[in-house]
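Asks: Got a sequence here, can you model it:
(one chain, ligands or ions: 1)
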Amino acid sequence: MNISIIGAGYVGLVSGACFAELGNHVICADNDTKKIVNLKKGVLPIYEPGLEELISGNLKNKRLKFTSKIKDAVRSSDVIFIAVGTPSLEKGDADLTGVENVARLIAQNMDGYRLIVEKSTVPVETCARIKKTISTYIKNKYKFDVVSNPEFLREGSAINDFTHPDRIVVGAESQKARQIMRQLYLPLNRQILVTDIKSAELIKHASNAFLATKISFINAVSRICDKVGADVQEVACGMGLDNRIGRYFLHAGIGYGGSCFPKDLDAFITIAENLGYDFKILKAVRDTNQEQKDFVIQKVKEALWIIKDKTIAVLGLAFKPNTDDLRNSPSIDLINALIQEGAKVRVYDPKAMGKARSILKNVTFCKNSYQVARGADCLIVATEWNEFKELDFLKLKNKMQRALVIDGRNIYDPRYLKKMGFTYIGIGHVKE
Ligand code: UGA
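Replies: Predicted structure coming up:
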């Protein structure tokens, strides 16, 4: 198929590269000309495992192209994906300026039937608005369909999530649209759930909100574990063995972050509010996440007594491993809070150092985990990168002023660290 993807962000780039890999001809369009110039050379704006190789391979075989001219993309495709950003407005609702703009451009440049696929995370009823916008601005009375096809990929494992999704959700009105979408996803050989458009739109927000709820729930349980000396990892394991609960997204830590959960939760709460429903559960999920971040600072204070002038080493800056994304990263919030308290902060992340330099001030950027530990009174693990799981603790201890580890992601065995002479503080993760 000839496909165009409007918006070369995380979802747009991964979807574009994967659809090209499946044998389609794909044009990715973005109005950021600098980004497009780089992408044409195979230079990516993000780090995502496997993506660079996938893009360069498909650039070479000419199944993937990049353009800053949306008109070209609209003209040369049968299926158009909208994958532009939908950032939060001040009140928490999604800014749909980009989506509306793209809908208008599609309408003005269509020269025949098009299937317009909404992939950005948007509030319920956005597809109806896209349809109305296109009908308003369309020049000739070309036929078109709008479908909702939310994306569930995670940063860090995006390619695998795209090619092996648990489910593909398609919200469509016409038989023709449903058929094209089935054909498009046929090579993946996965379950396709076909629904009405509004339900498909809601599945995305409801899924992200539910996953965030799981995380806040287990973080709340970790607080109880801390108080009584139980181990949240074991509690999560015991809960997760129940198929009705499931073992995923029950990993306690320093709170969730990223470009999706915080934004989507705010949006969903606001959507509900606008519809006259007070989504109290989600407000509590949001508050619990904030409390969890504050709680880590409290743990540092309890351990160090005075934070001012202490040297604190932070391992991990990205909001999760295998990405260089710092958006809403709990690690960045933590570092800023420590700086506010007067700490001297040393930081290291395997992939996010470049991006961190432009947003973090007054910290010492280090080359590796051992350099970051030099002279530290405390070492905090903020992101669970694999390389942090395999550190030489003897070497680490020799670099530090005080052998104290705050394991914000519960990646270490407390008994082992204690054996190595460290004071270990986890998140609801105590083992005597
Ligand atoms: C999330 C969803 O998982 C994807 O399905 C969805 O497509 C995506 O948002 C989106 O809407 O675009 P993502 O934000 O990339 O994906 O990453 P997650 O793996 O969900 O992690 C989000 C945050 O939750 C991270 O800060 C992570 O550290 C935290 N987390 C996750 C926990 O604290 N505990 C867990 O058990 C799982």
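Asks: I130 reaches I82, doesn't it?
Replies: Yes: between I130 and I82 there is a contact under CB atoms under 8 Å: 7.3 Å. To be clear about C-beta, it is placed using only N, CA and C from the backbone, and glycine gets the same treatment.
Asks: If you count contacts, what does whichever strand or helix holds I339 end up packed against?
Replies: Assigned by DSSP states H and E, I339 falls within helix 330-340. The contact analysis (3 or more CB pairs under 8 Å, 6 or more residues apart in numbering; DSSP states H and E) places helix 330-340 against helix 280-304, strand 311-315, strand 344-348.
Asks: hmm, who's touching the last one?
Replies: What it means is strand 344-348. 309-317, 335, 338-339, 356, 360, 362-369, 371-374, 376 (CB atoms under 8 Å, 6 or more residues apart in numbering).
Asks: Can you give the contact residues for stretch 306-313?
Replies: Contacts for stretch 306-313 (CB under 8 Å, 6+ apart): 300-301, 304, 338, 341-348, 366, 372-380, 400-401.
Asks: Drop anything exposed from those.
Replies: Neighbour counting by 16 or more other CB atoms under 10 Å classes 300, 304, 338, 341, 343-348, 366, 372-374, 376-380, 400 among the contacts of stretch 306-313 as buried.
Asks: So for I130 and I82, which residues contact both of them?
Replies: Contacts common to I130 and I82, judged by CB under 8 Å, 6+ apart, are V99, A103, I116, E118.
Asks: Tabulate those (JSON lines), appending pLDDT, neighbour count and distance to P87.
Replies: As requested, these are exported to JSON lines (pLDDT from 0 to 100; neighbours: other CB atoms under 10 Å; distance: CB to CB, whole Å):
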{"residue": "V99", "pLDDT": "97", "neighbour count": "25", "distance to P87": "11"}
{"residue": "A103", "pLDDT": "97", "neighbour count": "28", "distance to P87": "17"}
{"residue": "I116", "pLDDT": "98", "neighbour count": "24", "distance to P87": "21"}
{"residue": "E118", "pLDDT": "98", "neighbour count": "28", "distance to P87": "16"}
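Asks: Can you pick out the most distant pair from those?
Replies: V99 and I116 (10.7 Å; CB to CB).
Asks: and for the two, which residues touch both?
Replies: I82, I130.
Asks: now the end-to-end length of stretch 379-387.
Replies: 15 Å (CA to CA, to the nearest Å).
Asks: how close does the residue of the stretch 1-150 of the chain found nearest the ligand get to S88?
Replies: Proximity of the stretch 1-150 of the chain to the ligand (CB to the nearest ligand atom) peaks at T121, 5.4 Å away. Distance of T121 to S88, computed by CB to CB, to the nearest Å: 11 Å.
Asks: Surely A376 and V405 touch.
Replies: No: assessed by CB under 8 Å, A376 is found out of contact with V405, at 9.9 Å.
Asks: from the chain's centre, how far out does the helix or strand containing G98 sit?
Replies: Using DSSP H and E, G98 falls within helix 97-109. Put simply, helix 97-109 sits 25 Å off its chain's centre (CA atoms, centre = their mean, to the nearest Å).
Asks: Ok, stretch 248-256 next?
Replies: On CA atoms, centre = their mean, the centre of stretch 248-256 falls 14 Å from the chain's centre.
Asks: Same check on stretch 245-254?
Replies: 16 Å.
Asks: quick thing: my sequence starts at 820, can you match it?
Replies: Taking 820 as the first residue, the last one we looked at is stretch 1064-1073.
Asks: Go ahead and name everything in contact with it.
Replies: So stretch 1064-1073 is in contact with 1030, 1033-1034, 1036-1038, 1040-1041, 1051-1052, 1055-1056, 1058-1060, 1111-1112, 1115, 1149-1150, 1153, 1201, 1203, 1227-1229, 1246-1248, going by CB under 8 Å, 6+ apart.
Asks: how long is that stretch end to end?
Replies: End to end - CA to CA - stretch 1064-1073 spans 22 Å.
Asks: buried stuff in that stretch?
Replies: F1068, L1069, H1070, A1071, G1072, I1073.
Asks: and the ligand, which of those residues contact it?
Replies: Contacts with the ligand are made by F1068, L1069, H1070, G1072 out of these, judged by CB under 6 Å from any ligand atom.
Asks: For the stretch 920-1069 of the chain, give me the ranges with low pLDDT.
Replies: By pLDDT under 70, the stretch 920-1069 of the chain has no low-scoring segment.
Asks: Quick check: residues of it near the ligand?
Replies: Counting by CB under 6 Å from any ligand atom, the stretch 920-1069 of the chain sits next to the ligand at T940, E970, F971, L972, R973, E974, N1027, L1030, I1034, F1068, L1069.
Asks: again, but for the stretch 1120-1251 of the chain
Replies: Neighbours of the ligand within the stretch 1120-1251 of the chain, by CB under 6 Å from any ligand atom: F1138, K1139.
Asks: how's the protein carved up into domains?
Replies: Domain ranges of the chain: 821-1014, 1028-1244, per automatic domain parsing.
Asks: end-to-end on the shortest one?
Replies: Distance between the boundary residues of domain 821-1014 (CA to CA) amounts to 24 Å.
Asks: Just checking the distance from that domain to the centre of its chain.
Replies: 18 Å.
Asks: which among the ones next to the ligand among the buried residues of stretch 1064-1073 gets closest to K1099?
Replies: Ranked by distance to K1099 (CB to CB), these are led by F1068 at 20.9 Å.
Asks: Skip the chain neighbours and tell me the closest residue to the closest one.
Replies: Nearest non-adjacent residue to F1068, counting by CB to CB, 6 or more residues apart in numbering: K1033, 4.2 Å away.
Asks: burial of that neighbour, as a residue count?
Replies: Per other CB atoms under 10 Å, the neighbour tally for K1033 reads 20.
Asks: before we move on, back to that, quick check: neighbours shared by T940 and S907?
Replies: Joint contacts of T940 and S907 (CB under 8 Å, 6+ apart) are A913, K1082, A1086.
Asks: quick one: contacts for T1032?
Replies: Here T1032 is in contact with I1100, L1101, V1104 (CB under 8 Å, 6+ apart).
Asks: So it belongs to a helix, correct?
Replies: Yes: applying DSSP: H, G, I helix; E, B strand; the rest coil, one finds T1032 inside a helix.
Asks: From F1087, how far out is it?
Replies: T1032 sits 11 Å away from F1087, taking CB to CB as the criterion.
Asks: what touches both of the two?
Replies: Residues touching both T1032 and F1087 (CB under 8 Å, 6+ apart): L1101.
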